[in-house]
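Asker: compute the structure for the input listed below.
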Amino acid sequence: MKSKRLALVTGANQGVGFQVAKELVAAGVTVLVGSRNFERGEAAAKEIGPGATAIQLDVTDILKEKTMVEVLGATSTTDEVLSGMNLRGKRILVTGVSAGLGVETARALAAHGAEVVGAARDLNKAKTATEQVQKDAAAHGGSFELIELDLANLKSVRACADNLLAKGEKIDAVIANAGVMATPFGHTADGFETQFGTNHLGHFVLVNRIASLIRDGGRLINLSSSGHRFSNVDLDDPNFAHTPYEPFVAYGRSKTANILFAVAFDKRHRGRGVRAAAVHPGGIQTELGRYMDRGHLQEMVEQMNQQLAAEGKPPFQFKTVPQGAATSVWAAVVAPADEIGGRYCENCHVGHVVPDDVIISAVSEGVRGYALDAKNAEALWKKSEEMVGESF
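Answerer: Residues are numbered from 1 along each chain as shown. As a prediction, this is how the structure comes out:
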């Protein structure tokens with residue numbers, strides 16, 4: 001797929017710059033309207049059209065720097081990804097804001113002026129965890145509020161959706177960040193295998209119920225993982241009723257489902273400019289790994305390092321939380337929508353497909369084809385509707 005072109009136009013508030021920006025948008029180019037005065041830039045971007053986004057930019061500051069553009073990648077942080085961006089007026093829903101990536105994702109967005117709605121099961125824990133989010137939001141013109149959401153209980157999911165619908169406030173992006181990993185065998189309140197039910201079905205119901213709130217041109221970003229390579233979805237036995245339970249196989253199924261859900265949602269909503277993508281944050285030490293045995297984790301790291309050494313590469317290093325959350329915010333508010341729509345992203349770029357017969361290490365980039373397969377995505381959508389008893 002050919003990447004969509006991106007252009008930065010300074011002085012686009014009026015005159016020649018304004019006309020150039022309009023012509024670029026008409027030609028299918030995504031335009032960043034750079035302006036020292038953000039309000040004027042935002043007004044110009046709205047007049048130019050849907051393909052234009054305002055950013056606060058002082059050219060005199062740029063001239064002081066050695067380079068204007070830095071390449072984003074695995075070590076980029078949330079603040080580096082959002083550098084120079086003013087997200088005032090953007091309303092973004094982030095699930096899983098009681099720890100780890102969810103907290104940092106919310107903080108980074110709010111610190112750049114966004115109105116962030118954070119969803120969490122344990123509101124007391126989330127309130128404590130997001131104290132810095134509140135401070136950064138207040139200091140930079142953003143806002144932050146908490147709502148209750150237990151993805152392992154569809155009654156809670158539906159109540160959360162109903163509350164959002166009752167308020168009726170439009171949403172520019174949903175970042176489906178919450179999830180669990182490698183849990184012991186168990187079931188959600190509705191009888192679904194814990195990981196498939198929490199990671200996929202909970203978000204499936206929430207997002208589809210509030211889809212009408214997502215503004216035209218908005219985005220859905222599903223947190224997946226390179227762990228999707230552990231397994232394709234099993235639509236004949238999603239709850240392990242007849243299959244021996246393996247924690248990472250179950251995790252792989254749920255992470256593949258996250259990608260397939262993005263593919264199918266993107267197909268249904270791109271007609272109004274709403275695009276969906278899945279992201280792999282990378283290896284980060286957060287609460288997500290609380291069910292993993294430390295010895296097993298160390299063994300996995302040692303195996304990865306052996307593979308890397310054989311390839312002449314340096315040892316594996318965990319990402320920091322700001323590095324882990326970078327791809328989420330990149331996909332949600334920075335990357336060109338047509339570039340990421342229906343795709344799998346990692347390290348702040350779109351991932352490439354690796355054939356099933358090609359051996360891939362845990363630290364290598366790439367997505368398996370079955371996770372992006374359109375027919376597989378439609379089959380999962382149908383099965384998910386059957387399981388939750390709703391049609392979307």
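Asker: how does the protein divide into domains?
Answerer: Following automatic domain parsing, one finds the domains of the chain at 6-62, 78-388.
Asker: just put those in CSV and tack on mean neighbour count, mean pLDDT and distance to Leu72.
Answerer: To be clear about C-beta, it is placed using only N, CA and C from the backbone, and glycine gets the same treatment. As requested, these are arranged in CSV below (neighbours: other Cβ atoms under 10 Å; pLDDT from 0 to 100; distance: least, Cβ to Cβ, whole Å):
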stretch, mean neighbour count, mean pLDDT, distance to Leu72
domain 6-62, 18, 77, 12
domain 78-388, 20, 94, 4
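Asker: and these as TSV, adding distance to Val71?
Answerer: Output for the domains of the chain, formatted as TSV (distance: least, Cβ to Cβ, whole Å):
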stretch	distance to Val71
domain 6-62	13
domain 78-388	9
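Asker: isn't Glu80 right next to Val71, touching?
Answerer: No - here Glu80 does not reach Val71: they are 10.6 Å apart, not a contact under Cβ atoms under 8 Å.
Asker: quick one: contacts for His140?
Answerer: Counting by Cβ atoms under 8 Å, 6 or more residues apart in numbering, His140 touches Ala110, Ala111, His112, Gly113.
Asker: strands paired with the lengthiest strand in the chain, and their directions?
Answerer: For the chain, the strand that runs over the most residues, judged by DSSP state E, is strand 214-223. With DSSP bridges as the test, strand 214-223 is paired with strand 171-176 (parallel), strand 275-280 (parallel).
Asker: would you state the strands of this structure in chain order?
Answerer: Under DSSP E, the chain gives strands at 6-10, 30-35, 52-56, 91-95, 115-120, 143-148, 171-176, 214-223, 275-280, 344-346, 349-350, 353-354, 367-368.
Asker: quick one: strands adjacent to the fourth one?
Answerer: In other words, strand 91-95. Strands that pair with strand 91-95, judged by DSSP bridges, come out as strand 115-120 (parallel), strand 171-176 (parallel).
Asker: measure how the first one sits relative to strand 143-148, angle-wise.
Answerer: Per axes from the mean of the first three to the mean of the last three Cα atoms, to 10 degrees, the angle that strand 115-120 makes with strand 143-148 is 30 degrees.
Asker: just the last one next, same as before
Answerer: When the same axes, to 10 degrees is applied, the directions of strand 171-176 and strand 143-148 differ by 50 degrees.
Asker: measure Leu32 to Val9 for me?
Answerer: 7 Å (Cβ to Cβ, to the nearest Å).
Asker: over to Gln317?
Answerer: Counting by Cβ to Cβ - Gln317 and Val9 are separated by 38 Å.
Asker: so which of the strands paired with strand 214-223 gets nearest Asn37?
Answerer: Smallest distance to Asn37 across the strands paired with strand 214-223 (Cβ to Cβ): 21.8 Å, for strand 171-176.
Asker: how about residues contacting the closest one?
Answerer: In contact with strand 171-176 (Cβ under 8 Å, 6+ apart) are residues 90-95, 105, 117, 164, 203, 206-207, 210, 213-215, 217-223, 258, 328, 332-333.
Asker: could you redo the last one with a cut-off of 7 Å?
Answerer: 90-95, 105, 203, 207, 213-215, 218-223, 328, 332-333 (Cβ atoms under 7 Å, 6 or more residues apart in numbering).
Asker: how about it as CSV, C-alpha atoms only?
Answerer: Output of strand 171-176 as CSV, limited to C-alpha atoms (Å, rounded to 0.1, in the frame of the first residue of the first chain):
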residue,chain,number,x,y,z
ILE,A,171,-15.1,11.6,20.7
ASP,A,172,-12.2,12.2,18.4
ALA,A,173,-10.4,8.9,19.3
VAL,A,174,-10.9,5.8,21.3
ILE,A,175,-7.7,4.1,22.6
ALA,A,176,-8.7,0.6,23.7
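Asker: gap between that strand and the chain center?
Answerer: Distance of strand 171-176 from its chain centroid, counting by Cα atoms, centre = their mean, to the nearest Å, is 8 Å.
Asker: same check, this time on stretch 329-347
Answerer: That offset, for stretch 329-347, works out to 8 Å (Cα atoms, centre = their mean).
Asker: what of stretch 11-27?
Answerer: On Cα atoms, centre = their mean, the centre of stretch 11-27 falls 31 Å from the chain's centre.
Asker: quick one: the helices in the stretch 51-200 of the chain?
Answerer: Per DSSP state H, counting those that start in this stretch, the stretch 51-200 of the chain carries helices over the ranges 59-62, 78-81, 100-110, 123-129, 131-139, 154-167, 194-195.
Asker: ok, Ile210 to Asp162 distance?
Answerer: 9 Å.
Asker: again, but for Ala211
Answerer: 14 Å.
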